[in-house]
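Q: Show me the folded form of this:
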Amino acid sequence: MAAAPLDGIRVADFTWVWAGPYCTLQLGYMGAEVIRVETRTRLCVTRHMTPMADGKPGPNRSGYFNQYNQNKKSVSINLHSPEGRAVAKRLALASDVVANNFAAGVMDRLGLGYEELRKDKPDIIMITMSGFGETGPLREYVAYGPSQVPLSGLSALTGYRGGPPLHAGFSYGDPNGGIHGAFAVLAALYHRARTGEGQYIDLSQWEASVAMVAEGILEYQMTGREPERNGNRDHWMAPHGLFRCKDMAEKVAGRSIDMWVSIAVPDDEHWRRLAAAIGRPELGTDPRFATLAARKHNEDELEALITQWTSQRYAREAEEALQKAGVAAAIASTNKDLFEDPHLQERNFFVELDHPEVGVRRHTGPPWRMTRTPSGVKRPAPLLGQDTDEVLARVLGYSPEEIAKLHEVGALK
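A: A predicted model of the protein is given here:
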């Protein structure tokens, strides 16, 4: 079998929470040996996060942690001890890439900064994915995904007309920063392969988020106005949005689940198709709706008419009828829909591996398939410190006696 794209690359992973581990997850998907540095003195918060397998708490049972740490190894090192920091430095110098998402200056204070490491390993690559970057007045601030959403301007663009800014539904800044970080590491590895040079990557999670929602900045720059929040409506399409359907036929955990269908009509021809599909072909030429300008002017009435039709149908029925007519429509998927989706099943998007504590569980895998250099999930997320002794012996060359001594003095906890 051909080697994975990053086969032979080792990553010393000092990241935690979500943004950093999401970056190294991508590198692990591509075949890198990712060794995550953890400590029992301060567990990663995601090891405490629900959902917990079978509802039982424990540092190895978090579905959240186990999703974003597939393919990785775990070593437990006490970075508060000088002996532990020496082990961590040895691991960093035995690696091609050192990754962290601490605030600016933390790695330097641990004796693991780029300038220190490059003295002994000039071609080392280090990435720091801090909230605000290594320079600037906010450099020492920490950041979490929920704060990145409003700071990036995304909340200012999200919400209903006349209403307040809204959260985007999840911590967008974390995985977005992680993906940008993985891309930057790949570019640095490519540069090193061509030149032999390592380098330092200073990534700002805030800037990565702002770059994804630049339209608000552009509108203010060009017009001096703030974009108006407009719910699910679009400036160039009408109808465009989510329309209420009948509740899911079966209840989930004893609760009714509301269902919706997404509809996007880009032009007048597609509007006529939609009108015919809902049994109201006369609306296709009705002066109130026949043109985009007319539909936008009468958008409240337009959406009410469509909701009359969708609310009498299950979301999947509405989706199928509209798609058959050539209208862009899709259900607003629940997690149950995704879990059971036949398309995702056929593409083997989900992976099921036997975790040593929680057994076989289903997680999402990489969203790409490579024909020449296979990549994917080879092992489940590690138990806390599961690989400590193995990594110290195989990668770092410690003897059994030296490892026992490090355990004895509290360097490996």
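Q: Can you find the helix or strand of the chain with the lowest average pLDDT?
A: When each helix and strand of the chain is scored by mean pLDDT, DSSP states H and E, helix 145-151 comes last, with a mean of 89.
Q: helices or strands up against that helix?
A: helix 173-195, helix 205-210 (3 or more Cβ pairs under 8 Å, 6 or more residues apart in numbering; DSSP states H and E). (Glycine included, C-beta is placed from N, CA and C.)
Q: In the stretch 51-200 of the chain, mark out all the strands, start to finish.
A: Remark: strands assigned in the stretch 51-200 of the chain by DSSP state E, counting those that start in this stretch are 72-76, 97-100, 125-130, 199-204.
Q: Dump these to a markdown table, plus mean pLDDT, mean neighbour count and distance to Leu117.
A: Shown next, in a markdown table, are the strands of the stretch 51-200 of the chain (pLDDT from 0 to 100; neighbours: other Cβ atoms under 10 Å; distance: least, Cβ to Cβ, whole Å):
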| stretch | mean pLDDT | mean neighbour count | distance to Leu117 |
| --- | --- | --- | --- |
| strand 72-76 | 98 | 23 | 17 |
| strand 97-100 | 98 | 26 | 7 |
| strand 125-130 | 97 | 27 | 7 |
| strand 199-204 | 98 | 19 | 10 |
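Q: Break this protein into its domains for me.
A: Domain segmentation of the chain under automatic domain parsing yields 10-212+343-408, 240-334.
Q: circling back: just send the strands of the stretch 51-200 of the chain back as TSV, with distance to Lys378 too.
A: Shown next, in TSV, are the strands of the stretch 51-200 of the chain (distance: least, Cβ to Cβ, whole Å):
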stretch	distance to Lys378
strand 72-76	10
strand 97-100	19
strand 125-130	23
strand 199-204	26
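Q: and of these, who's closest to Leu292?
A: strand 199-204 (39.1 Å; Cβ to Cβ).
Q: That closest one pairs with which strands, and in what direction?
A: Sheet pairing for strand 199-204, assigned by DSSP bridges, gives strand 125-130 (parallel).
Q: got the angle for the partner strand vs helix 173-195?
A: 160 degrees (axes from the mean of the first three to the mean of the last three Cα atoms, to 10 degrees).
Q: For the stretch 301-413 of the chain, give me the ranges with low pLDDT.
A: Of all residues in the stretch 301-413 of the chain, none has pLDDT under 70.
Q: Now distance to Gln221 too, for the domains of the chain, in TSV please.
A: Listed next are the domains of the chain as TSV, based on distance: least, Cβ to Cβ, whole Å:
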stretch	distance to Gln221
domain 10-212+343-408	12
domain 240-334	25
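Q: from these, which stretch is densest packed?
A: domain 10-212+343-408 (a mean of 18; mean count of other Cβ atoms under 10 Å).
Q: What's the end-to-end length of that one?
A: End-to-end distance for domain 10-212+343-408, by Cα to Cα, to the nearest Å: 28 Å.
Q: got it, and stretch 213-232?
A: End residues of stretch 213-232 are separated by 16 Å (Cα to Cα).
Q: Any buried residues in that stretch, and which?
A: By 16 or more other Cβ atoms under 10 Å, the buried positions in stretch 213-232 come out as 213, 216, 227, 229-231.
Q: Just the mean pLDDT for that stretch, thanks.
A: Averaged over stretch 213-232, pLDDT sits at 92.
Q: What of stretch 45-65?
A: 96.
Q: and that stretch, how far from the chain's centre?
A: Remark: stretch 45-65 is offset 18 Å from the chain centroid, using Cα atoms, centre = their mean, to the nearest Å.
Q: Contacts for it, please.
A: 16-18, 21, 43-44, 66, 68, 355-359, 361, 363, 381, 383-384 (Cβ atoms under 8 Å, 6 or more residues apart in numbering).
Q: rerun at 7 Å
A: 17-18, 43-44, 357-358, 361, 381, 383-384 (Cβ atoms under 7 Å, 6 or more residues apart in numbering).
Q: Between the two ends of that stretch, how far is it?
A: Terminal-residue distance, stretch 45-65 (Cα to Cα): 9 Å.
Q: ok so, going back, so which of the helices and strands packed on helix 145-151 is nearest Lys121?
A: helix 173-195 (11.5 Å).
Q: following the helix or strand harbouring Asp300, which helix or strand shows up next?
A: Here Asp300, judged by DSSP states H and E, is contained in helix 299-310. Downstream of helix 299-310, the first helix or strand assigned by DSSP H and E is helix 315-324.
Q: could you check the angle helix 299-310 makes with that following helix?
A: Using the same axes, to 10 degrees, helix 315-324 lies at 110 degrees relative to helix 299-310.
Q: chain center to helix 315-324, what's the gap?
A: That offset, for helix 315-324, works out to 30 Å (Cα atoms, centre = their mean).
Q: Run through who's touching it.
A: Taking Cβ under 7 Å, 6+ apart as the rule, helix 315-324 contacts 245, 259-261, 263, 274, 277, 310, 329-331.
Q: Which residues are in contact with Lys378?
A: Here Lys378 is in contact with Asn71 (Cβ under 7 Å, 6+ apart).
Q: Give the helix, strand or coil label for it.
A: coil (DSSP: H, G, I helix; E, B strand; the rest coil).
Q: cool, and Ile217?
A: helix.
Q: which residue packs closest to it, ignoring adjacent ones?
A: Gly153 (6.9 Å; Cβ to Cβ, 6 or more residues apart in numbering).
Q: now the buried residues of stretch 213-232 as JSON lines including distance to Ala187 and secondary structure?
A: JSON lines is the format used below for the buried residues of stretch 213-232 (distance: Cβ to Cβ, whole Å; DSSP: H, G, I helix; E, B strand; the rest coil):
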{"residue": "Val213", "distance to Ala187": "23", "secondary structure": "helix"}
{"residue": "Gly216", "distance to Ala187": "28", "secondary structure": "helix"}
{"residue": "Pro227", "distance to Ala187": "32", "secondary structure": "coil"}
{"residue": "Arg229", "distance to Ala187": "36", "secondary structure": "coil"}
{"residue": "Asn230", "distance to Ala187": "37", "secondary structure": "coil"}
{"residue": "Gly231", "distance to Ala187": "38", "secondary structure": "coil"}
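Q: quick revisit: so what secondary structure elements neighbour the helix holding Asp300?
A: Here helix 299-310 touches strand 240-244, going by 3 or more Cβ pairs under 7 Å, 6 or more residues apart in numbering; DSSP states H and E.
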